[in-house]
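Participant: model this:
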Amino acid sequence: AFKPFTSSRSSSENAFASQSERGGCRESEDGLLVMGYQAYRLDPESGLNPKRLLPKYTGLGVLCEKLVTEEGHTSLLDVGACLGLASQIGLKVEFKDVAAVEHDKEYLHVLHEVNEWSAAHGLGQVTIHDCHVTPETKLPPKDLVLGLALVHWLYSCTSDFGSLFKIVE
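Facilitator: The predicted structure is shown next:
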């Protein structure tokens, strides 16, 4: 049975954590609430409700749906998956093969809990890769690869620029 949990952000327990927000999930009568850097709710009958997302994620859903319905793409890889929101969007728009890569142990735990809950409700599954990506890492090829977490690395690694717009330039 699905069990809610609470975790810590202790650096000794999770030396590879990259988000300061604690991740977790809680089941209620109307679904599963996922909390942390990404926050979303899954309905036990229909999964993710795109109407309840922030506009940036709604736009991602529209793009993904177009890639599936109009261009026939079937697979998605979410690199730096965090708590799996982009992966859940992929399931919602019916990518047949959705995979997630995450290195943060706490967030990986949440991803597995979400997967367990999702499977119990017949909402689909995400293949989860516990991975520290290096140049030697072999990730499975997919039609669409999302690296949305990359923006955090770009910005923090080049903080002297002081502007994401300057970095992009």
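
Participant: burial count for A39?
Facilitator: The local packing of A39 (other Cβ atoms under 10 Å) involves 15 other residues. Quick note: C-beta positions are derived from backbone N, CA and C, even for glycine.

Participant: please begin residue numbering at 127 from this point
Facilitator: All right, first residue 127 from here; so that's A165.

Participant: and it, what pLDDT?
Facilitator: On pLDDT, A165 comes in at 89.

Participant: and if you look at S285?
Facilitator: 62.

Participant: please apply the same query to L186.
Facilitator: 92.

Participant: name the SS class of it, please.
Facilitator: helix (DSSP: H, G, I helix; E, B strand; the rest coil).

Participant: which non-adjacent residue is nearest it?
Facilitator: Residue nearest to L186 in three dimensions, not counting chain neighbours: I215, with 5.8 Å by Cβ to Cβ, 6 or more residues apart in numbering.

Participant: now swap in A207 and tell me
Facilitator: A207's closest residue in space is A226 (Cβ to Cβ, 6+ apart), at 3.6 Å.

Participant: for that neighbour, grab the count of nearby residues.
Facilitator: 29.
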